[in-house]
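> here's my sequence, what's the structure:
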Amino acid sequence: MFPEAAAKLKSGQWTIQKKCGKNVKSSAWTKFSEIVDEETKEYVGFVQCISCKQICKHKKGTRPFWLSKHACVSNSPIEEVKPEDKKKFRDACVGMCTGDMRSFSTFTGPYFTKIVQVAIDVGAKAGQVDAETLVCDRTTISRMIAKRAMKAKSVLYPKILETIIDGRAAATTDFWTENYTKKHFM
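Prediction:
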């Protein structure tokens, strides 16, 4: 870290500026911004990582290939999952089906994948965590679903009401009989 550069940035003497133009070819510039003098708008020889805010020295005119090697979480490559870890996860999924009697289709939906991704991201940021601290109680989930339903209803209700008032809605009845008990319903 460069404390003098950080102090000048904090004071407003220097500012960050996204590097742009037709000569910008390196993908490293999607992850870094140049630091410029606020008054003269001249480049001062430093760049800052957009994600972790680390300040690095960079000589103007040199190739920024080393910037793509910056050890920032957002810049780090996605690691390959080891076969033994994949087996552990698969066994946990099988255990969920057999132990909790869950449907196989639980694991095929996009929302399951999203849950797993959120858990992976939390682990990447926080390090190894106990799953008990991350998993919410069923009461919390049911309350959140009820809140979302109320929010959706508050958006949908005025639209339905407007449609009814404008005469663009109709209602009908359906008569049917249940096959086993032969009960009639309307």
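> can you report how many residues lie near residue 37?
The local packing of residue 37 (other Cβ atoms under 10 Å) involves 13 other residues. (C-beta placed from N, C-alpha, C; glycine too.)
> equivalent analysis for the one 10 residues further on, please.
A total of 25 residues lie near residue 47 under the criterion other Cβ under 10 Å.
> in a helix, that's where it is, yeah?
No. Read with DSSP: H, G, I helix; E, B strand; the rest coil, residue 47 is strand and lies in no helix.
> okay, and the beta partners of it?
Bridge pairing for residue 47 (DSSP bridges) gives the partners residue 34, residue 56.
> next up, the contacts around it.
32, 33, 34, 35, 55, 56, 57, 58, 64, 67 (Cβ atoms under 8 Å, 6 or more residues apart in numbering).
> 7 Å instead, please
If you count contacts by Cβ atoms under 7 Å, 6 or more residues apart in numbering, residue 47 has them with 32, 33, 34, 35, 56, 58, 67.
> quick check, central residue of this structure?
In the chain, the residue lying closest to the centroid (Cα atoms, centre = their mean) is residue 118, at 7.2 Å.
> average pLDDT across the longest helix seen in the chain?
Longest among the helix segments of the chain by residue count, using DSSP state H, is helix 138-165. The pLDDT scores in helix 138-165 average 94.
> quick check: next helix or strand after it?
strand 176-177 (DSSP states H and E).
> roughly how far out does the very next helix or strand once past that next one sit from the chain middle?
With elements assigned by DSSP H and E, the helix or strand that comes after strand 176-177 is strand 184-185. Taking Cα atoms, centre = their mean, to the nearest Å, one finds strand 184-185 lying 49 Å from the centre of the chain it belongs to.
> residue 93 - how many residues pack around it?
16.
> cool, residue 58 as well?
Neighbour tally, residue 58, other Cβ under 10 Å: 20.
> same question, residue 168
When counting by other Cβ under 10 Å, one arrives at 8 neighbours for residue 168.
> so for it, what's the pLDDT?
93.
> distance of it relative to residue 69?
Distance from residue 168 to residue 69, counting by Cβ to Cβ, to the nearest Å: 61 Å.
> also residue 144?
Taking Cβ to Cβ as the measure, residue 144 falls 42 Å from residue 69.
> run a quick neighbour tally on residue 175.
Neighbour tally, residue 175, other Cβ under 10 Å: 7.
> surely it is in contact with residue 183?
No. Using Cβ atoms under 7 Å, residue 175 is not in contact with residue 183; the gap is 11.8 Å.
> got any ranges where this protein has weak pLDDT?
Low-confidence segments of the chain, defined by pLDDT under 70: 1, 20-25, 27, 65, 68, 72-79.
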